[in-house]
Structures are given as C-alpha cells and as structure tokens.
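> Provide a 3D model corresponding to the input given below.
(one chain, ligands or ions: 1)
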Amino acid sequence: MCGIVGYVGPREATEVLIEGLRRLEYRGYDSAGVAVLNGDGMRTRKAVGRLSALEDELKRDALHGGLGIGHTRWATHGVPSVANCHPHTSFDGKVSLIHNGIIENHRELRRELMDQGIEFRSETDTEVVAHLVAKTYDGDLVRTFQKVIRRLRGAYALAVCHTDEPDKIIATRVGSPLVIGIGDGENFIASDVPAILKYTRKVVFLNEHQLAVVTRDGVKIFDAALNPVEFTICETNLSLDAAEKEGYEHFMLKEIHEQPRALAETIRGRVNGDNVDLTELNLDAAVLKGVRRIAILACGTSLYSGMVGKYLFERFTHLPTETWSASEFRYADPVIDDGMLVIAVSQSGETADTLEALRIVKEGGARTIAVCNVMGSSIPRMCDATLYTRAGPEIGVASTKAYTTQLAGFVLLSVGIGRLLGVTDAEDERRLVTGLKQLPDQVQALLDEDIVAVKRCAKRYKNVFNFMYIGRHFNYPTAMEGALKLKEISYIHAEGYAGGEMKHGPLALVEGTFPTIAIAPQGRTREKLISNVQEIKARKGVVVMVSTQGDEEARELADYLIEIPPCEEELSPILAVVPLQLLAYYTALQLGRDVDKPRNLAKSVTVE
Ligand code: M6R
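Below is the predicted model of the structure:
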C-alpha cells in the first residue's frame, strides 16, 4: 500500500500534491515526497514521517511549477528513509518516478543495471524502473515507457515524468489502482478518488495494462500495444470521507474485508511448493539449535495471536514456549539467557510496553524476532530478524487484519523454524502450506456470505450487559480476542474463557438471557467444547456457536449458528475470528458507537 498523485495545470503543483497526499495518507504514512518540473528542470523534496514533515521541508525550501508527482509510502522494500522515499530519480537526473505495488523481478533488473555501471541509492524495488526508463529513453517517453513496463513483473501503479518532455505525466497500472481526474485546463492522476475530489468530480478509471498520457490540455489512453483507446469519463458522487473508506462505512469494516488480500500478501513468497520458505529472515540453523525455550511478548490483540503462537511453536518446534503480556513481563522477574528466543509481536511496532520488555530481554542476551506490520518501526529495528505481516495500514483502533496476518505469520514461523531444527514433520508442513494457500479464498467466502446470523445476533443482544466467549486450545485465544473486540468498540462487558474453566466458576453467571459465544470448529477439542455448551444449555443459557460447516450436533444445540469452512485445526483461529469481528462491529453500529475511534483508546499505545 502506498499512495500516488500527479498534477499538470496552472496551479502550484505542490499545493495539489500535498492535498492529494493528505487524502491518501490512509494508504501509508511512513514517508512522503514530491517532484516538480519547471523551466529549470526537476526538483525533489522528501521527508521521513508524517506528511507534515514534508510540508515543513517545503516551507523551508519551496518548489514552484505546474507539473508534479507525489507519493506517500508504506514501506515494503527498505526501511522508511529519505533514500527509500519516492519519487525516485534516474542516474542522469532526467526521470522522476513514483510507484505503488511491488516489482517482483527487481533483483534481476537491479543486477543487470549494476553490471552496466549504474549506482543505486535506495533499497527499493522501484528505483530500477527510473533507471530503466532513463537507459531506454529514445526521445519518446510514451514508447520508452511501454518498452520498460513490458520488462516488469508484479503489481504496480506507476507514474513517470522526464525533463525532456516537461508537459506530460505518463501513468500505467497492473494490479494496483489508478484513477485519472479530468479538470478544466488541468488534469490529475491518483491512487484513489479522494486525492483529487477537491478539484474535480470527473474521473476515468484506468484499466489494467493501459497507459495514460496526461497533459494540461488533455488525456490520451492507449492499450499495451499503444493503440489509442476510447474511454468514458464518469462523474463521481462520492463524499471525501466515504471515498477514503472505499465505500465502507468505517475503516474497521473495510479492514475486515481486506483480510483475504492481507493474508495472501503475508503468505506470498513465503511458501514454496509444499514448504515454508523463510529465506528472507536469514535465520541461522546453528544459532536456532542453541535455543532452549521461546517467549512471546505482546499486548492486546497481538498478545492473543501470541497465545496461538505458543500452541503452534510447541507443536512444531517441541520447544517450551510461554506467552507474556509485555506490561507484566517488565515487572516480573523473568529468567533470561542466551538460550531464550523472544518473539515480539506488534502491529504498530511502537507499543511502549512491548518495546521496554524487548529492551530487557536484549540486555539479558536473548535472541529476538519481531512479527510486525510496520516496516522500519522501533520493534523490528531492535530485533535480530523480522517477519513482516503485510496487512497494509490499519486505521481502525480495533485490530482486525493485523491479527489474522499475525496468526498466519506464526504458522509460517513455527513450521519454518521447526523444519530448521529438524523437528517439523514433512506431512504437517505440507498440510499447513496447503491450508494457508486456501485461506484467502475461505475468508473471502465467509465475508461474501454476509453472515446473517451475526447481524441477527447483534440486533437481538445489543442491550445485554455481559457476554461470555468460550473456546479451547487453539480457539481459547479466539474467545479472548472476540471478547476484546466486543468490549472495545461496543462497550459491552465481555469475557473470554477457556471452555473447560466454566464449571470452575463462571457457570454461575448463566441463566435465561445470558449469551455465550462458543467457538467449536472441528479439531481435537471440539467434542469437549460441545459438552461445555450442553452444560450451558442445561442451565437455559443462550448459545451462539461458531462451528465447521456440516456439524449437525452444533446445529441442534445452537440458538444461533455461524459456520466456517473446514480447515486444519491450527488455521481455524484465522477463520473463526472473522464472524466475531463482524459481531462486534454490527453490535457497536446498532449502539451508535464511534467504531473507528472508541472512547478512551488510541491506535498506537506509546505510553506505559
Ligand atoms: O500495535 P500493537 O499490536 O503492539 O498494539 C497492541 C495493542 O495496543 C492493540 O492490539 C490493541 O489491543 C487493539 N486496540 C486491539 O484491537
């Protein structure tokens, strides 16, 4: 995820670009940059951090001109830094280029260009394209760009300009969005409509592989063979707010629906045939063999993914694993030594409690791995290796896509490390890799169903004061996470409990209207959880069951039934949590809560 914007017309380009980037910040916000062309050539300004840092930079050293391109970054290749920030400039200083997506064959292209003596200034996959355009340029930027994009593999929305043709921006897309805005004597490009809504409502949605030539006086669109293409200009009726959320009422709902893509991204390139491939982490098998135990440190939702991580690590590495709430770990007296492998889990990478716990274990000599969603954030910077979840920016305070991608990350890590240790069974690896590959479609199918039972439940129980969530083993953390989601956005008290613990106390709460959400997909503990449900039903409690499609016993027992597709039991927390996210969402919606910004909470908790 990144945001791109371009402008050509009579206004100061930087004003339009900054307004556009502000509207695109939800796509990424670790650094930003602009390049502007005028009679003196091309000049670029970049800054790390929020857009305000770039604005400060432009106040110090303004850029003037009527053609420009801008980019707000969410790092995928290389940490957030000025060097890695877009726009990227070619070796001869004539080409400036912005990109949203991933150029999969960038390594081979980089090698080829380096062999020709080109020096790279960034770690990005994008820089190769700027140099390729400069190398290939033959006096016709359109033809040159066509030749260059034929060499690219991956997903991209690209926009380029050249000092020798200072009247135009050329843009194309494959797999990443790009829209063209039609103005009066001015034209625009952007990753998304809100970036240009202030200036025009007339838009053209560029199709895959098409190439647009955007000048002050008009827009021309060509197909991949450079044949001119007729295009339709649409009048958008989106409001600025709705457009940023791509039509969803809230970021949380949008992010729930982004999970198939986020999971596919997180798995991409990390499975190879029947195997997990963690080459990018550079894990040293000899060092891992010295590990005697694992500790997982995290807070909130990340802590619950860490609880699933514990079960996975114990199953696939046979190493004793404990999960710690980072805020507790700091003030306990944990035994730390160099036989300890610590996994710090964090969406933001900036959670103060997790950072502090990490500092303590590093001082004690432990090895460290981060599971994190934000490239270059503090936690990955402190760790020996990082498995980045690739969920894209998460804006809603209630974590959703970050959680399911962390769970996928734990499957990859535990199986991958287990294999390096010579412990993971090849058949287990094969069945989990197969299961992981099916997950994006399975989550999509769940979301497509619209889960009517979830909406009915939300409507029926929105006014109760207490909810109980129960699960066992892999889905005990699902119960905790489901309860946390409900609490934080609906303000209804909810508890997550291990099903087997009900009879040790909480069963006393159950009576006529008391609702329990029971998470009982197929797997080793399903039958035991069904018994717990029977105990609740015997006391006239109401039960909402999350079970595997075709489970007739669950159907008979449940007051409300939510079915998930059949899957490996280790992967069931990823599917089972989706209806619970939606239940929390629709309950909060019924109650008129501020879903994306619940009271008293913040997205990133950078204080103790
Ligand atoms: O960024 P982190 O994953 O470190 O954040 C940890 C918690 O603050 C976070 O998961 C919090 O619990 C969420 N609001 C839960 O939805």
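
> make it CA atoms for all contacts and neighbour counts henceforth
Will do.

> show me which residues of the protein are close to the ligand?
The interface of the chain toward the ligand, taken as CA under 6 Å from any ligand atom, is made up of 299-302, 346-349, 351, 397-399, 604-605.

> out of these, who's the most crowded?
For these, the largest number of neighbours (other CA atoms under 10 Å) sits with Ser346, at 32 neighbours.

> excluding covalently adjacent residues, which one is nearest to the one residue in the stretch 51-200 of the chain that gets nearest to the ligand?
Using CA to the nearest ligand atom, the single residue of the stretch 51-200 of the chain nearest to the ligand is Trp74, 15.7 Å away. Nearest-residue entry for Trp74: Gly28, 4.2 Å, with adjacent residues in sequence omitted and distances by CA to CA, 6 or more residues apart in numbering.

> gap between the one you found and the ligand?
Taken as CA to the nearest ligand atom, to the nearest Å, the spacing of Gly28 relative to the ligand amounts to 15 Å.

> what about that residue, how many neighbours?
Considering only other CA under 10 Å, Gly28 is surrounded by 22 other residues.

> so it is in contact with Pro80, correct?
No - contact status for Gly28 versus Pro80: not in contact, 10.9 Å apart, counting by CA atoms under 8 Å.

> shared neighbours, the two?
Here Gly28 and Pro80 have Arg73, Trp74 as joint contacts, going by CA atoms under 8 Å, 6 or more residues apart in numbering.

> about what we covered before: which residues touch the residue nearest to Trp74?
Neighbour list for Gly28: Met1, Cys2, Gly3, Thr72, Arg73, Trp74, Ala75, Gly392, Pro393 [criterion: CA under 8 Å, 6+ apart].

> could you work out the most separated pair of the residues you listed?
Thr72 and Gly392 (12.9 Å; CA to CA).

> the two: which is more packed in?
Between Thr72 and Gly392, Thr72 has the larger neighbour count (other CA under 10 Å), namely 37 against 25.

> and that one, helix, strand or coil?
Assigned by DSSP: H, G, I helix; E, B strand; the rest coil, the conformation of Thr72 is strand.

> who does the nearest residue to it once chain neighbours are set aside bridge with?
Residue nearest to Thr72 in three dimensions, not counting chain neighbours: Ala32, with 4.3 Å by CA to CA, 6+ apart. On the basis of DSSP bridges, Ala32 is bridged to Ala47, Thr72.

> now do the phi/psi pair for the spatially closest residue to Lys289 that is not a sequence neighbour.
By the measure of CA to CA, 6+ apart, the closest residue to Lys289 outside its immediate chain neighbours is Leu421, 6.2 Å from it. Note on Leu421: backbone dihedrals following degrees, to the nearest 10 are phi -80, psi 0.

> burial count for Leu421?
Going by other CA under 10 Å, the residues that sit close to Leu421 add up to 19.

> would you mind measuring from it to the ligand?
Relative to the ligand, Leu421 is positioned 28 Å away (CA to the nearest ligand atom).

> my guess is that residue contacts Thr317, does it?
Yes - applying CA under 8 Å, one finds Leu421 in contact with Thr317, separated by 7.1 Å.

> can you point out the buried residues in stretch 502-511?
Going by neighbour count (16 or more other CA atoms under 10 Å), the buried part of stretch 502-511 is Met502, Leu507, Val510.

> so what's the residue of the stretch 51-200 of the chain closest to the ligand up against?
Contacts here follow CA under 8 Å, 6+ apart; on that basis Trp74 touches Met1, Cys2, Arg27, Gly28, Tyr29, Asp30, Ser31, Pro80, Val374, Met375, Gly392, Pro393.

> contacting residues around the third one?
With contacts defined as CA under 8 Å, 6+ apart, Arg27 is in contact with Met1, Cys2, Gly3, Thr72, Arg73, Trp74, Gly392, Pro393.

> repeat that with 10 Å
Applying CA atoms under 10 Å, 6 or more residues apart in numbering, one finds that Arg27 lies in contact with 1-4, 21, 72-74, 100, 191-192, 244, 392-395.

> tell me the buried residues within those residues.
1-4, 21, 72-74, 100, 191-192, 244, 392-395.

> helix/strand/coil for Gly422?
Applying three-state DSSP to Gly422 yields a three-state assignment of coil.

> burial check on it, number of neighbours?
When neighbours are counted by other CA under 10 Å, Gly422 registers 14.

> in terms of contact, does it touch Ala286 like I think?
No - with contact defined as CA atoms under 10 Å, Gly422 and Ala286 do not form a contacting pair (11.4 Å).

> need the overlap of contacts for Thr72 and Gly392.
Overlap of the contact sets of Thr72 and Gly392 (by CA under 10 Å, 6+ apart) consists of Met1, Cys2, Tyr26, Arg27, Gly28.

> which one of the buried ones among the contacts of Arg27 is nearest Cys85?
Taking CA to CA as the measure, Cys85 lies nearest Arg73 of the buried ones among the contacts of Arg27, at 6.9 Å.

> quick one: contacts for the closest one?
With the criterion set at CA under 10 Å, 6+ apart, Arg73 makes contact with 1-4, 21, 24-25, 27-33, 48-50, 80, 84-86, 98-100.

> pull the helix or strand with minimum mean pLDDT from this structure.
helix 240-244 (a mean of 66; mean pLDDT, DSSP states H and E).

> what's the first helix or strand after that helix?
Toward the C-terminus, helix 240-244 is succeeded by helix 251-257 as the next helix or strand (DSSP states H and E).

> what packs against that next one?
Helices and strands touching helix 251-257, as assessed by 3 or more CA pairs under 10 Å, 6 or more residues apart in numbering; DSSP states H and E, comprise helix 401-420, helix 426-449, helix 572-590.

> got the angle for the last one vs helix 401-420?
Going back to what we said before, that points to helix 572-590. For helix 572-590 against helix 401-420, the angle between stretch directions is 170 degrees (axes from the mean of the first three to the mean of the last three CA atoms, to 10 degrees).

> tell me what angle helix 572-590 forms with helix 426-449.
With the same axes, to 10 degrees defining the directions, helix 572-590 sits at 20 degrees from helix 426-449.

> quick one on the thing from earlier: report the lowest-confidence entry in the contacts of Arg27.
Looking at the contacts of Arg27 by pLDDT, the weakest one is Met1, with 67.

> how many neighbours does Pro566 have?
Summarising burial for Pro566: neighbours were counted as other CA under 10 Å, giving 18.

> for it, which non-adjacent residue is closest in space?
Closest residue to Pro566 in three dimensions, ignoring its sequence neighbours and counting by CA to CA, 6+ apart: Thr548, at 5.6 Å.

> now the one you found: how far from the ligand?
Computed as CA to the nearest ligand atom, the Thr548 to the ligand distance reads 25 Å.

> thinking again about what came up before, which one of the contacts of Trp74 is nearest the ligand?
Each of the contacts of Trp74 was checked against the ligand using CA to the nearest ligand atom; the closest is Val374, at 9.0 Å.
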